[in-house]
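# Take a look and give me a structure for this.
(2 chains)
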Amino acid sequence: AQKITQTQPGMFVQEKEAVTLDCTYDTSDQSYGLFWYKQPSSGEMIFLIYQGSYDEQNATEGRYSLNFQKARKSANLVISASQLGDSAMYFCAMRPYSSASKIIFGSGTRLSIRP
Amino acid sequence: DGGITQSPKYLFRKEGQNVTLSCEQNLNHDAMYWYRQDPGQGLRLIYYSQIVNDFQKGDIAEGYSVSREKKESFPLTVTSAQKNPTAFYLCASSQTPTGAPYGYTFGSGTRLTVV
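Below you'll find the model as predicted:
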């Protein structure tokens, strides 16, 4: 079965600290894509970062990096130097390439940044 | 600026009514998607379309219908057959069928409430 698991329903982090949001996935596909999205209270989903299953290097986008451990089926999001504006829901998602146009989402982690 | 426009932002439906949620994009994306989000949960796929005049059911298509007569537009109708339609609905599009490497672009959502 294709599944995304985010085990941290909520997290509190002090401003300027780094934070890691956990994500594990389950798929029998050899080719797949992994995504992280941010959803502020406004509701819009904002694309943060993408990692392909065959990418040898971990993806990075500014303060965001994806710690991809393929053997463990883990795709944790790392946010460096957190800011108050990082407070939001964060969703990990996967797109198995054998599944036509179907991205699977985890249940999300609510991140709250303390000043 | 390119993007996805969803309207209305808030929608109230009476029991037994059909309602239509609008989704328009000016990104020239071929693929479009409708997701449903319930409180505290991730997104679940309702319908998706990869090209004009073609669409497929997602995981929770019962009680919903769509059309794709134009590349820019992908309206979702919530029919009276949908027994629990109160939710947040998100429309998305992607440049590639897999979503790689730029992810999906999402609209700002429509919050539907049954009264």
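
# Tell me which strands the helix or strand A:Val13 falls within pairs with, and in which orientation.
Per DSSP states H and E: A:Val13 is located in strand A:10-14. In the sheet, strand A:10-14 lines up against strand A:109-114 (parallel) (DSSP bridges).

# Export the strand it pairs with to CSV, keeping only CA atoms.
Only the C-alpha atoms of strand A:109-114 are listed here, as CSV (Å, rounded to 0.1, in the frame of the first residue of the first chain):
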residue,chain,number,x,y,z
THR,A,109,2.5,18.5,11.4
ARG,A,110,1.5,21.8,13.0
LEU,A,111,4.7,23.8,13.6
SER,A,112,4.5,26.8,16.0
ILE,A,113,7.5,29.1,16.4
ARG,A,114,7.9,30.8,19.7
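
# I would like the residues contacting it, please.
The contact list for strand A:109-114 (Cβ atoms under 8 Å, 6 or more residues apart in numbering or on different chains) reads A:6, A:8-15, A:19, A:21-22, A:79, A:82-90. Heads up, the C-betas are built off the backbone N, CA and C, glycines and all.

# What parts of chain B come near chain A?
Proximity of chain B to chain A (Cβ under 8 Å from any Cβ of the partner chain) is limited to residues B:31, B:33, B:35, B:40-45, B:48, B:50, B:56, B:58, B:88, B:90, B:92, B:97-109, B:111.

# Can you flag the buried ones in those residues?
B:31, B:33, B:35, B:42-45, B:48, B:50, B:58, B:88, B:90, B:92, B:98-101, B:103-109 (16 or more other Cβ atoms under 10 Å in any protein chain shown).

# I'd like to know which of those are part of strands.
B:31, B:33, B:35, B:43-45, B:48, B:50, B:88, B:90, B:92, B:105-106 (DSSP state E).

# Output these in JSON lines, with pLDDT appended to each entry.
As requested, these are arranged in JSON lines below (pLDDT from 0 to 100):
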{"residue": "B:Ala31", "pLDDT": "91"}
{"residue": "B:Tyr33", "pLDDT": "94"}
{"residue": "B:Tyr35", "pLDDT": "96"}
{"residue": "B:Leu43", "pLDDT": "93"}
{"residue": "B:Arg44", "pLDDT": "93"}
{"residue": "B:Leu45", "pLDDT": "93"}
{"residue": "B:Tyr48", "pLDDT": "93"}
{"residue": "B:Gln50", "pLDDT": "89"}
{"residue": "B:Phe88", "pLDDT": "96"}
{"residue": "B:Leu90", "pLDDT": "96"}
{"residue": "B:Ala92", "pLDDT": "94"}
{"residue": "B:Thr105", "pLDDT": "92"}
{"residue": "B:Phe106", "pLDDT": "93"}
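
# Which pair of those spans the longest distance?
In terms of Cβ to Cβ, these reach their longest pairwise distance at B:Gln50 and B:Phe88, which sit 24.1 Å apart.

# mind listing what the nearest residue to A:Phe105 once chain neighbours are set aside touches?
Distances taken as Cβ to Cβ, 6 or more residues apart in numbering or on different chains put B:Gly42 closest to A:Phe105, at 3.6 Å, once the chain neighbours are dropped. Contacts for B:Gly42 (Cβ under 8 Å, 6+ apart) come out as A:Ile4, A:Phe91, A:Phe105, A:Gly106, A:Ser107, A:Gly108.
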